[in-house]
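Engineer: just coords:
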(Lines give C-alpha, C1' and ligand atoms only; values in the text may rest on other atoms or scores of the structure.)
Protein backbone atom coordinates (compact mmCIF):
# COMPACT_ATOMS: atom_id res chain seq x y z
CA UNK A 1 0.00 0.00 0.00
CA UNK A 2 1.51 3.35 -1.04
CA UNK A 3 1.89 6.21 1.41
CA UNK A 4 0.29 8.79 -0.89
CA UNK A 5 -2.40 8.50 -3.55
CA UNK A 6 -2.59 11.23 -6.17
CA UNK A 7 -6.06 11.67 -7.71
CA UNK A 8 -6.09 13.34 -11.13
CA UNK A 9 -9.33 13.90 -13.06
CA UNK A 10 -8.65 14.50 -16.74
CA UNK A 11 -11.00 15.65 -19.47
CA UNK A 12 -9.55 16.35 -22.92
CA UNK A 13 -6.26 17.22 -21.25
CA UNK A 14 -3.76 16.25 -23.94
CA UNK A 15 -2.16 19.72 -24.00
CA UNK A 16 -1.60 20.12 -20.25
CA UNK A 17 -1.38 16.58 -18.86
CA UNK A 18 2.26 15.92 -19.90
CA UNK A 19 3.54 18.72 -17.66
CA UNK A 20 1.38 17.52 -14.78
CA UNK A 21 2.63 13.95 -15.12
CA UNK A 22 6.23 15.13 -15.43
CA UNK A 23 5.96 17.06 -12.17
CA UNK A 24 4.70 13.90 -10.42
CA UNK A 25 7.51 11.80 -11.86
CA UNK A 26 10.02 14.39 -10.63
CA UNK A 27 8.92 14.17 -6.99
CA UNK A 28 11.67 13.44 -4.47
CA UNK A 29 9.11 11.45 -2.46
CA UNK A 30 8.62 8.23 -4.41
CA UNK A 31 6.14 6.11 -2.43
CA UNK A 32 3.04 7.17 -4.34
CA UNK A 33 0.41 5.95 -6.74
CA UNK A 34 -1.36 8.18 -9.24
CA UNK A 35 -4.95 7.52 -10.28
CA UNK A 36 -5.65 9.29 -13.59
CA UNK A 37 -9.42 9.22 -14.05
CA UNK A 38 -10.29 9.99 -17.67
CA UNK A 39 -13.69 11.69 -17.55
CA UNK A 40 -14.83 10.68 -21.03
CA UNK A 41 -12.09 12.40 -23.05
CA UNK A 42 -12.27 12.38 -26.83
CA UNK A 43 -8.66 13.43 -27.43
CA UNK A 44 -5.32 11.67 -26.79
CA UNK A 45 -5.48 11.78 -22.98
CA UNK A 46 -5.24 7.99 -22.68
CA UNK A 47 -2.26 7.71 -25.03
CA UNK A 48 -0.37 10.36 -23.10
CA UNK A 49 -0.80 8.46 -19.83
CA UNK A 50 0.18 5.13 -21.38
CA UNK A 51 3.26 6.64 -23.01
CA UNK A 52 4.78 7.24 -19.58
CA UNK A 53 5.08 3.46 -18.99
CA UNK A 54 5.09 3.92 -15.22
CA UNK A 55 3.44 1.23 -13.03
CA UNK A 56 2.67 3.76 -10.29
CA UNK A 57 0.45 5.69 -12.73
CA UNK A 58 -2.90 3.95 -13.18
CA UNK A 59 -5.43 4.90 -15.84
CA UNK A 60 -9.21 4.59 -15.48
CA UNK A 61 -11.92 5.59 -17.93
CA UNK A 62 -15.37 6.88 -17.02
CA UNK A 63 -18.22 8.08 -19.18
CA UNK A 64 -18.28 11.86 -18.87
CA UNK A 65 -19.77 12.78 -15.47
CA UNK A 66 -17.78 15.82 -14.40
CA UNK A 67 -14.80 16.50 -12.18
CA UNK A 68 -16.54 15.73 -8.89
CA UNK A 69 -17.47 12.24 -9.99
CA UNK A 70 -13.96 11.65 -11.36
CA UNK A 71 -12.34 12.75 -8.11
CA UNK A 72 -14.70 10.57 -6.11
CA UNK A 73 -14.02 7.56 -8.34
CA UNK A 74 -10.28 8.12 -8.04
CA UNK A 75 -10.54 8.23 -4.27
CA UNK A 76 -12.55 5.01 -4.16
CA UNK A 77 -9.97 3.21 -6.30
CA UNK A 78 -6.96 4.53 -4.37
CA UNK A 79 -5.22 2.79 -1.48
CA UNK A 80 -2.83 5.39 -0.05
CA UNK A 81 -2.70 6.43 3.60
CA UNK A 82 -2.90 10.08 2.51
CA UNK A 83 -4.60 11.69 -0.48
CA UNK A 84 -3.85 14.67 -2.66
CA UNK A 85 -5.91 15.88 -5.63
CA UNK A 86 -4.00 17.20 -8.65
CA UNK A 87 -5.91 18.45 -11.67
CA UNK A 88 -4.58 17.66 -15.15
CA UNK A 89 -3.35 21.20 -15.85
CA UNK A 90 -1.58 21.97 -12.53
CA UNK A 91 1.81 20.91 -11.18
CA UNK A 92 4.19 20.89 -8.19
CA UNK A 93 7.73 21.68 -7.16
CA UNK A 94 9.80 18.48 -7.01
CA UNK A 95 9.84 18.55 -3.19
CA UNK A 96 6.10 19.14 -2.73
CA UNK A 97 5.01 15.63 -1.67
CA UNK A 98 8.07 15.11 0.50
CA UNK A 99 7.58 18.34 2.43
CA UNK A 100 3.80 18.00 2.83
CA UNK A 101 4.20 14.41 3.99
CA UNK A 102 6.85 15.42 6.51
CA UNK A 103 4.67 18.27 7.81
CA UNK A 104 1.76 15.88 8.28
CA UNK A 105 3.98 13.25 9.91
CA UNK A 106 5.48 15.74 12.36
CA UNK A 107 2.13 17.27 13.32
CA UNK A 108 -0.02 16.16 16.29
CA UNK A 109 -2.38 13.26 15.59
CA UNK A 110 -5.46 15.50 15.39
CA UNK A 111 -3.97 17.27 12.35
CA UNK A 112 -5.41 15.77 9.17
CA UNK A 113 -4.38 18.28 6.49
CA UNK A 114 -1.00 19.78 5.61
CA UNK A 115 -1.24 22.68 3.15
CA UNK A 116 1.32 24.89 1.42
CA UNK A 117 1.35 28.14 -0.50
CA UNK A 118 0.50 28.11 -4.20
CA UNK A 119 0.79 30.47 -7.16
CA UNK A 120 -1.30 31.33 -10.18
CA UNK A 121 0.77 30.95 -13.33
CA UNK A 122 0.18 31.71 -17.00
CA UNK A 123 0.43 29.25 -19.86
CA UNK A 124 4.20 29.72 -19.98
CA UNK A 125 4.68 29.00 -16.29
CA UNK A 126 5.25 32.64 -15.29
CA UNK A 127 4.06 33.42 -11.78
CA UNK A 128 1.17 35.90 -11.81
CA UNK A 129 0.35 35.94 -8.11
CA UNK A 130 1.44 33.99 -5.05
CA UNK A 131 -1.14 32.93 -2.47
CA UNK A 132 -0.33 32.44 1.21
CA UNK A 133 -2.64 29.74 2.59
CA UNK A 134 -1.94 30.41 6.28
CA UNK A 135 -5.03 30.59 8.48
CA UNK A 136 -5.27 34.17 9.76
CA UNK A 137 -8.74 34.07 11.30
CA UNK A 138 -8.34 31.32 13.86
CA UNK A 139 -8.65 27.53 13.74
CA UNK A 140 -9.81 25.63 10.70
CA UNK A 141 -13.58 25.96 10.79
CA UNK A 142 -13.51 29.64 11.79
CA UNK A 143 -11.30 30.42 8.80
CA UNK A 144 -13.01 28.14 6.29
CA UNK A 145 -16.43 29.54 7.16
CA UNK A 146 -15.21 32.80 5.64
CA UNK A 147 -13.86 31.34 2.40
CA UNK A 148 -11.76 28.71 0.69
CA UNK A 149 -8.13 29.46 1.44
CA UNK A 150 -6.04 27.07 -0.65
CA UNK A 151 -5.97 25.23 -3.95
CA UNK A 152 -6.94 21.59 -3.72
CA UNK A 153 -3.58 20.38 -5.05
CA UNK A 154 -1.75 22.35 -2.33
CA UNK A 155 -3.07 20.13 0.48
CA UNK A 156 -2.27 16.58 1.59
CA UNK A 157 -5.07 14.98 3.63
CA UNK A 158 -5.29 11.77 5.62
CA UNK A 159 -7.53 9.13 4.08
CA UNK A 160 -9.20 8.54 7.44
CA UNK A 161 -10.40 12.15 7.53
CA UNK A 162 -12.09 11.85 4.12
CA UNK A 163 -13.63 8.51 5.08
CA UNK A 164 -14.99 10.07 8.29
CA UNK A 165 -17.16 12.45 6.23
CA UNK A 166 -18.40 9.70 3.91
CA UNK A 167 -15.95 10.19 1.05
CA UNK A 168 -15.34 12.99 -1.40
CA UNK A 169 -18.29 15.49 -1.43
CA UNK A 170 -20.68 15.01 -4.33
CA UNK A 171 -23.37 17.63 -3.68
CA UNK A 172 -24.50 19.55 -6.76
CA UNK A 173 -24.26 22.41 -7.25
CA UNK A 174 -21.40 23.23 -4.91
CA UNK A 175 -17.67 23.87 -4.58
CA UNK A 176 -16.52 20.37 -3.69
CA UNK A 177 -13.01 21.24 -2.55
CA UNK A 178 -14.28 23.92 -0.15
CA UNK A 179 -16.91 21.52 1.17
CA UNK A 180 -14.24 18.88 1.68
CA UNK A 181 -12.19 21.15 3.95
CA UNK A 182 -15.25 22.50 5.76
CA UNK A 183 -16.57 19.04 6.55
CA UNK A 184 -13.15 17.83 7.72
CA UNK A 185 -12.79 20.88 9.96
CA UNK A 186 -16.33 20.41 11.32
CA UNK A 187 -15.33 16.88 12.35
CA UNK A 188 -12.68 18.39 14.59
CA UNK A 189 -9.61 17.67 12.48
CA UNK A 190 -6.84 20.26 12.37
CA UNK A 191 -4.72 21.85 9.64
CA UNK A 192 -1.01 22.65 9.50
CA UNK A 193 0.46 25.27 7.18
CA UNK A 194 3.78 24.85 5.39
CA UNK A 195 4.93 28.38 4.40
CA UNK A 196 6.56 27.41 1.13
CA UNK A 197 5.50 27.85 -2.50
CA UNK A 198 5.21 24.27 -3.75
CA UNK A 199 2.12 24.16 -5.99
CA UNK A 200 1.17 25.92 -9.21
CA UNK A 201 -2.30 26.65 -10.55
CA UNK A 202 -2.60 27.07 -14.31
CA UNK A 203 -4.68 30.22 -14.79
CA UNK A 204 -6.77 30.38 -17.93
CA UNK A 205 -8.39 33.78 -18.38
CA UNK A 206 -11.16 32.45 -20.62
CA UNK A 207 -12.54 30.40 -17.74
CA UNK A 208 -13.41 33.55 -15.77
CA UNK A 209 -16.28 34.68 -18.01
CA UNK A 210 -17.34 31.17 -18.94
CA UNK A 211 -17.87 29.95 -15.38
CA UNK A 212 -18.87 33.09 -13.47
CA UNK A 213 -22.56 32.21 -13.07
CA UNK A 214 -21.83 28.56 -12.37
CA UNK A 215 -19.25 29.37 -9.71
CA UNK A 216 -21.59 31.85 -8.06
CA UNK A 217 -24.31 29.21 -7.88
CA UNK A 218 -21.85 26.63 -6.56
CA UNK A 219 -20.54 29.00 -3.90
CA UNK A 220 -23.98 30.06 -2.66
CA UNK A 221 -25.17 26.46 -2.51
CA UNK A 222 -22.10 25.45 -0.51
CA UNK A 223 -22.76 28.30 1.91
CA UNK A 224 -26.44 27.40 2.18
CA UNK A 225 -25.59 23.82 3.13
CA UNK A 226 -22.98 24.92 5.64
CA UNK A 227 -25.16 27.48 7.40
CA UNK A 228 -28.16 25.14 7.52
CA UNK A 229 -26.24 23.07 10.09
CA UNK A 230 -28.07 23.67 13.37
CA UNK A 231 -25.19 22.25 15.41
CA UNK A 232 -22.58 24.85 14.57
CA UNK A 233 -20.86 26.41 17.60
CA UNK A 234 -22.11 29.86 18.57
CA UNK A 235 -18.79 31.51 17.70
CA UNK A 236 -19.12 30.10 14.18
CA UNK A 237 -22.74 31.20 13.81
CA UNK A 238 -21.63 34.77 14.48
CA UNK A 239 -19.60 34.66 11.25
CA UNK A 240 -22.55 34.03 8.92
CA UNK A 241 -22.96 37.63 7.75
CA UNK A 242 -19.27 38.04 7.12
CA UNK A 243 -19.17 34.71 5.31
CA UNK A 244 -21.80 35.82 2.79
CA UNK A 245 -20.23 39.29 2.52
CA UNK A 246 -16.90 37.72 1.57
CA UNK A 247 -18.59 35.62 -1.09
CA UNK A 248 -20.36 38.61 -2.66
CA UNK A 249 -17.13 40.61 -2.64
CA UNK A 250 -15.58 37.83 -4.72
CA UNK A 251 -18.50 38.01 -7.16
CA UNK A 252 -18.13 41.81 -7.28
CA UNK A 253 -14.43 41.48 -8.09
CA UNK A 254 -15.09 39.15 -11.01
CA UNK A 255 -17.88 41.32 -12.40
CA UNK A 256 -15.68 44.41 -12.35
CA UNK A 257 -12.96 42.53 -14.19
CA UNK A 258 -15.50 41.54 -16.83
CA UNK A 259 -16.70 45.17 -17.01
CA UNK A 260 -20.18 44.14 -15.83
CA UNK A 261 -20.65 47.31 -13.80
CA UNK A 262 -24.23 46.94 -12.66
CA UNK A 263 -23.70 43.31 -11.65
CA UNK A 264 -20.63 44.39 -9.68
CA UNK A 265 -22.65 47.11 -7.97
CA UNK A 266 -25.45 44.68 -7.10
CA UNK A 267 -22.99 42.18 -5.62
CA UNK A 268 -21.30 44.93 -3.61
CA UNK A 269 -24.65 46.03 -2.20
CA UNK A 270 -25.43 42.44 -1.21
CA UNK A 271 -22.10 42.22 0.61
CA UNK A 272 -22.82 45.42 2.53
CA UNK A 273 -26.32 44.23 3.41
CA UNK A 274 -24.84 41.09 4.95
CA UNK A 275 -22.08 42.89 6.87
CA UNK A 276 -22.18 46.69 7.22
CA UNK A 277 -18.70 46.93 8.69
CA UNK A 278 -17.21 45.61 5.46
CA UNK A 279 -17.75 49.04 3.86
CA UNK A 280 -15.21 50.66 6.18
CA UNK A 281 -12.35 48.21 5.65
CA UNK A 282 -9.47 49.03 3.34
CA UNK A 283 -9.12 45.34 2.53
CA UNK A 284 -12.60 45.39 0.95
CA UNK A 285 -11.57 47.76 -1.82
CA UNK A 286 -8.10 46.33 -2.22
CA UNK A 287 -9.61 42.89 -2.76
CA UNK A 288 -12.06 44.19 -5.34
CA UNK A 289 -9.64 46.20 -7.43
CA UNK A 290 -6.11 44.94 -6.80
CA UNK A 291 -5.61 41.66 -4.96
CA UNK A 292 -6.66 39.52 -7.93
CA UNK A 293 -5.06 41.57 -10.65
CA UNK A 294 -2.91 39.14 -12.61
CA UNK A 295 -1.51 41.34 -15.32
CA UNK A 296 -2.85 40.86 -18.83
CA UNK A 297 -3.81 37.24 -18.14
CA UNK A 298 -6.55 38.38 -15.77
CA UNK A 299 -7.37 42.04 -16.24
CA UNK A 300 -8.35 43.44 -19.59
CA UNK A 301 -7.12 46.89 -18.66
CA UNK A 302 -3.98 45.90 -16.75
CA UNK A 303 -3.41 48.15 -13.71
CA UNK A 304 -6.51 50.19 -13.00
CA UNK A 305 -6.01 53.92 -13.64
CA UNK A 306 -6.86 56.50 -10.99
CA UNK A 307 -9.63 58.07 -13.06
CA UNK A 308 -11.20 54.68 -13.76
CA UNK A 309 -10.82 53.72 -10.10
CA UNK A 310 -12.64 56.86 -8.96
CA UNK A 311 -15.52 56.21 -11.35
CA UNK A 312 -15.92 52.71 -9.97
CA UNK A 313 -15.72 53.92 -6.38
CA UNK A 314 -18.50 56.44 -7.11
CA UNK A 315 -20.54 53.53 -8.48
CA UNK A 316 -20.03 51.55 -5.26
CA UNK A 317 -20.61 54.50 -2.94
CA UNK A 318 -23.90 55.24 -4.66
CA UNK A 319 -25.38 52.00 -3.40
CA UNK A 320 -24.46 52.56 0.26
CA UNK A 321 -27.26 55.09 0.71
CA UNK A 322 -29.66 52.42 -0.53
CA UNK A 323 -28.32 50.20 2.25
CA UNK A 324 -29.08 52.96 4.78
CA UNK A 325 -25.56 54.24 5.34
CA UNK A 326 -25.51 57.90 6.42
CA UNK A 327 -23.24 60.54 4.87
CA UNK A 328 -20.63 60.23 7.62
CA UNK A 329 -20.42 56.48 7.05
CA UNK A 330 -20.16 56.93 3.29
CA UNK A 331 -17.27 59.34 3.83
CA UNK A 332 -15.52 56.73 5.99
CA UNK A 333 -16.05 54.18 3.24
CA UNK A 334 -14.58 56.54 0.64
CA UNK A 335 -11.58 57.07 2.88
CA UNK A 336 -11.03 53.32 3.05
CA UNK A 337 -11.28 53.09 -0.73
CA UNK A 338 -8.52 55.68 -1.18
CA UNK A 339 -6.32 53.86 1.30
CA UNK A 340 -6.75 50.82 -0.95
CA UNK A 341 -5.88 52.91 -4.01
CA UNK A 342 -2.72 54.04 -2.24
CA UNK A 343 -1.83 50.42 -1.49
CA UNK A 344 -2.29 49.45 -5.13
CA UNK A 345 -0.22 52.39 -6.34
CA UNK A 346 2.50 51.62 -3.84
CA UNK A 347 2.63 48.01 -4.99
CA UNK A 348 3.25 49.34 -8.52
CA UNK A 349 5.98 51.68 -7.18
CA UNK A 350 3.96 54.77 -8.07
CA UNK A 351 4.98 56.36 -4.77
CA UNK A 352 3.97 60.01 -5.30
CA UNK A 353 0.49 59.02 -6.41
CA UNK A 354 0.24 56.60 -3.50
CA UNK A 355 1.17 59.38 -1.10
CA UNK A 356 -1.55 61.67 -2.48
CA UNK A 357 -4.12 58.91 -2.12
CA UNK A 358 -3.20 58.34 1.52
CA UNK A 359 -3.36 62.07 2.24
CA UNK A 360 -6.80 62.35 0.66
CA UNK A 361 -7.98 59.34 2.66
CA UNK A 362 -6.76 61.11 5.80
CA UNK A 363 -8.70 64.24 4.89
CA UNK A 364 -11.87 62.18 4.57
CA UNK A 365 -11.27 60.30 7.83
CA UNK A 366 -8.56 61.65 10.16
CA UNK A 367 -8.41 58.37 12.02
CA UNK A 368 -6.78 56.83 8.95
CA UNK A 369 -3.62 58.85 9.58
CA UNK A 370 -2.86 56.72 12.61
CA UNK A 371 -3.73 53.29 11.26
CA UNK A 372 -1.27 50.76 9.86
CA UNK A 373 -3.54 47.72 10.23
CA UNK A 374 -4.98 48.26 6.73
CA UNK A 375 -1.70 46.99 5.31
CA UNK A 376 -3.04 43.46 5.48
CA UNK A 377 -4.98 44.43 2.36
CA UNK A 378 -1.74 44.54 0.40
CA UNK A 379 -1.81 40.76 0.20
CA UNK A 380 1.04 38.39 0.80
CA UNK A 381 3.75 39.36 -1.62
CA UNK A 382 3.44 43.07 -2.41
CA UNK A 383 5.64 44.45 0.36
CA UNK A 384 9.41 44.65 -0.05
CA UNK A 385 9.96 45.09 3.69
CA UNK A 386 8.36 43.81 6.84
CA UNK A 387 4.78 44.98 7.38
CA UNK A 388 5.52 46.86 10.61
CA UNK A 389 8.58 48.61 9.17
CA UNK A 390 6.64 49.80 6.15
CA UNK A 391 3.80 50.96 8.38
CA UNK A 392 6.24 53.15 10.33
CA UNK A 393 7.63 54.59 7.10
CA UNK A 394 4.15 55.40 5.82
CA UNK A 395 3.08 57.13 9.01
CA UNK A 396 6.26 59.24 8.94
CA UNK A 397 5.65 60.15 5.30
CA UNK A 398 2.02 61.13 5.90
CA UNK A 399 2.74 63.18 9.02
CA UNK A 400 5.43 65.11 7.16
CA UNK A 401 2.70 66.51 4.86
CA UNK A 402 0.28 67.58 7.57
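Structural biologist: That came through fine. In this text, all values refer to a predicted model and were calculated from it rather than measured experimentally. Residues are numbered from 1 along each chain as shown.
Engineer: need the residues that contact stretch 48-59.
Structural biologist: 2, 10, 13-14, 17-18, 21, 24-25, 32-36, 38, 46, 77 (Cβ atoms under 8 Å, 6 or more residues apart in numbering). Where C-beta positions appear, they are placed from N, C-alpha and C, glycine not excepted.
Engineer: surely residue 354 is in contact with residue 340?
Structural biologist: No - using Cβ atoms under 8 Å, residue 354 is not in contact with residue 340, being 10.9 Å away.
Engineer: more neighbours, the two?
Structural biologist: Using other Cβ atoms under 10 Å as the criterion, residue 354 and residue 340 rank with residue 340 on top: 28 against 20.
Engineer: could you find the closest non-adjacent residue to that one?
Structural biologist: residue 285 (3.6 Å; Cβ to Cβ, 6 or more residues apart in numbering).
Engineer: distance check, the one you found against residue 343.
Structural biologist: 9 Å (Cβ to Cβ, to the nearest Å).
Engineer: with residue 259 instead?
Structural biologist: 23 Å.
Engineer: out of these two, which sits in the more crowded spot?
Structural biologist: Taking other Cβ under 10 Å, residue 259 and residue 343 do not tie; residue 343 has more neighbours (29 against 10).
Engineer: and this structure, what are its domains?
Structural biologist: 4-202, 239-399 (automatic domain parsing).
Engineer: pretty sure residue 6 sits against residue 24.
Structural biologist: Yes - taking contacts as Cβ under 8 Å, residue 6 lies within contact range of residue 24: 6.2 Å.
Engineer: which neighbours do those two have in common?
Structural biologist: Both residue 6 and residue 24 are contacted by 32, 34, 86, under the criterion Cβ under 8 Å, 6+ apart.
Engineer: possible to save those as CSV with neighbour count?
Structural biologist: Formatted as CSV, these follow (neighbours: other Cβ atoms under 10 Å):
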residue, neighbour count
32, 19
34, 26
86, 25
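Engineer: looking at the domains of the chain, spot the one closest to residue 233.
Structural biologist: Between residue 233 and the domains of the chain, the shortest separation by Cβ to Cβ is 7.9 Å, and it involves domain 4-202.
Engineer: next, the distance between the ends of the closest one.
Structural biologist: Using Cα to Cα, to the nearest Å, the end-to-end distance of domain 4-202 comes to 23 Å.
Engineer: centre of the chain to it, how far?
Structural biologist: Centre-to-centre, domain 4-202 and its host chain are 15 Å apart (Cα atoms, centre = their mean, to the nearest Å).
Engineer: which pLDDT value belongs to the spatially most central residue of the chain?
Structural biologist: With distances taken as Cα atoms, centre = their mean, residue 149 lies nearest the centre of the chain, 4.9 Å away. Listed pLDDT for residue 149 reads 85.
Engineer: phi, psi for it please.
Structural biologist: Dihedral pair for residue 149: phi -100, psi -30, per degrees, to the nearest 10.
Engineer: go on, residue 6?
Structural biologist: Backbone phi and psi, for residue 6 under degrees, to the nearest 10, turn out to be phi -100, psi 120.
Engineer: not counting sequence-adjacent ones, nearest residue to it?
Structural biologist: With Cβ to Cβ, 6+ apart, the residue lying closest to residue 6 is residue 34, at 4.2 Å.
Engineer: that neighbour: what's it in contact with?
Structural biologist: Applying Cβ under 8 Å, 6+ apart, the residues near residue 34 are 5, 6, 8, 21, 24, 56, 57, 58.
Engineer: okay, these in JSON lines with pLDDT next?
Structural biologist: What follows is those, written out as JSON lines (pLDDT from 0 to 100):
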{"residue": "5", "pLDDT": "98"}
{"residue": "6", "pLDDT": "98"}
{"residue": "8", "pLDDT": "98"}
{"residue": "21", "pLDDT": "97"}
{"residue": "24", "pLDDT": "98"}
{"residue": "56", "pLDDT": "97"}
{"residue": "57", "pLDDT": "97"}
{"residue": "58", "pLDDT": "97"}
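Engineer: direction included, what does the biggest strand by length in the chain pair against?
Structural biologist: If you go by DSSP state E, the chain has its longest strand at strand 190-202. Partner strands and pairing direction for strand 190-202 (DSSP bridges) are strand 91-92 (antiparallel), strand 111-121 (parallel).
Engineer: weakest of these in terms of mean pLDDT?
Structural biologist: The weakest mean pLDDT among the strands paired with strand 190-202 belongs to strand 111-121, with a mean of 94.
Engineer: helix or strand right after that strand?
Structural biologist: strand 127-131 (DSSP states H and E).
Engineer: same list, the domains of the chain, but as CSV with distance to residue 215 please.
Structural biologist: CSV is the format used below for these (distance: least, Cβ to Cβ, whole Å):
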stretch, distance to residue 215
domain 4-202, 8
domain 239-399, 8
